[in-house]
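Undergrad: Give the three-dimensional model of this entry:
(one chain, ligands or ions: 1)
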Amino acid sequence: MTDRQRLTSSPVGPAEAGEFLRGRRSVDQFESTPVDTGRLEEAFEVARWAPNHHLTEPWQFYVIGPETKKAIVELNAELVAEAKGEEAADAKRQRWHAVPGWFAVTCRRADDANTAAEDYAACACAAHNIVLYLHSAGMACKWTSGPVTHDARYLRLLGADPANDYSVGLFWYGVAKRAPRTQRSEDGHRPVRCP
Ligand SMILES: Cc1cc2nc3c(=O)[nH]c(=O)nc-3n(C[C@H](O)[C@H](O)[C@H](O)COP(=O)(O)O)c2cc1C
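TA: Sure, this is the predicted structure:
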């Protein structure tokens, strides 16, 4: 297939695309089924086709294995214990341990504000490409950006350098246990019609 054919003949039509995009949900309760990291790595390949001004490729993706997961869960529990006490930390520890699939996205720091904003936007697009690709494979995700992700120790656990990289998100994935409810405002999609 030529590039032009790819641009003009999408494998999904508007009705399917709408259904697919509306059907994605942020999920934090997963079946204990082991996750397919092969799919995740396919998703990273797709992610880099996100729009990206000046093709800076500012993202870094991370597959989080069991040791790193455990260390992140413990670091998070430590932060929760400081803020809310041991009981809350234990509850969080148990909930986070139950999450089967983990990955992360960081963004490279930029010197000027415009590049920084555009690079973050590109990373968000890339991250959502991953989420949508996994959604197409029957897996749900949750994008998290809680306090642990802003802690330099978290970045070091990933192998990132806090001086050069910051967190875009820590992501959970797996087969959804149930569909969470969500809603959107009645007229949030209405555009301003500029003459
Ligand atoms: C940048 C970003 C950060 C987010 N961080 C969190 C988070 O820390 N905790 C959380 O529960 N959800 C987080 N979410 C998920 C949103 O809460 C979720 O998208 C929203 O509730 C709408 O639900 P839906 O994704 O199912 O449509 C985040 C989403 C984005 C885009």
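
Undergrad: Return the residues in contact with Phe103.
TA: Counting by C-beta atoms under 8 Å, 6 or more residues apart in numbering, Phe103 makes contact with Leu40, Phe61, Tyr62, Val63, Ile64, Ile130, Phe171, Tyr173. In this view, the C-beta of every residue, glycine as well, is placed from N, C-alpha and C.

Undergrad: Would you mind measuring from it to Ala88?
TA: Remark: distance between Phe103 and Ala88 (C-beta to C-beta, to the nearest Å) = 26 Å.

Undergrad: Quick check: residues of this structure near the ligand?
TA: Arg25, Ser26, Trp143, Thr144, Ser145, Gly146, Gly169, Thr182 (C-beta under 6 Å from any ligand atom).

Undergrad: The same query, at a cut-off of 8 Å, please.
TA: Proximity of the chain to the ligand, by C-beta under 8 Å from any ligand atom, involves residues 24-28, 124, 128, 142-146, 149, 168-169, 180, 182, 184.

Undergrad: Could you check how far stretch 166-174 is from the centre of its chain?
TA: 4 Å (C-alpha atoms, centre = their mean, to the nearest Å).

Undergrad: Tell me the first helix or strand C-terminal of whichever strand or helix holds Leu79.
TA: For Leu79, the host element (DSSP states H and E) is helix 66-84. For helix 66-84, the following helix or strand on the C-terminal side (DSSP H and E) is helix 86-97.

Undergrad: Kindly provide the whole-number mean pLDDT of the next helix or strand after that following helix.
TA: Following helix 86-97 in sequence order, the next helix or strand is strand 101-108 (DSSP H and E). The pLDDT scores in strand 101-108 average 98.

Undergrad: Also stretch 152-170?
TA: The model assigns stretch 152-170 a mean pLDDT of 98.

Undergrad: Output whichever strand in the chain runs longest as PDB, restricted to C-alpha atoms.
TA: If each strand of the chain is counted by residues according to DSSP state E, the longest one is strand 165-174. In PDB, the C-alpha atoms belonging to strand 165-174 read as follows (Å, rounded to 0.1, in the frame of the first residue of the first chain):
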ATOM      1  CA  ASP A 165      13.600  13.700  32.300                       C
ATOM      2  CA  TYR A 166      10.300  14.200  34.000                       C
ATOM      3  CA  SER A 167       7.200  11.900  34.400                       C
ATOM      4  CA  VAL A 168       4.400  12.100  31.900                       C
ATOM      5  CA  GLY A 169       2.600   9.200  33.500                       C
ATOM      6  CA  LEU A 170       2.800   5.900  35.300                       C
ATOM      7  CA  PHE A 171       0.300   3.500  33.500                       C
ATOM      8  CA  TRP A 172      -1.500   0.400  34.600                       C
ATOM      9  CA  TYR A 173      -2.900  -2.100  32.200                       C
ATOM     10  CA  GLY A 174      -4.600  -5.400  32.000                       C
END
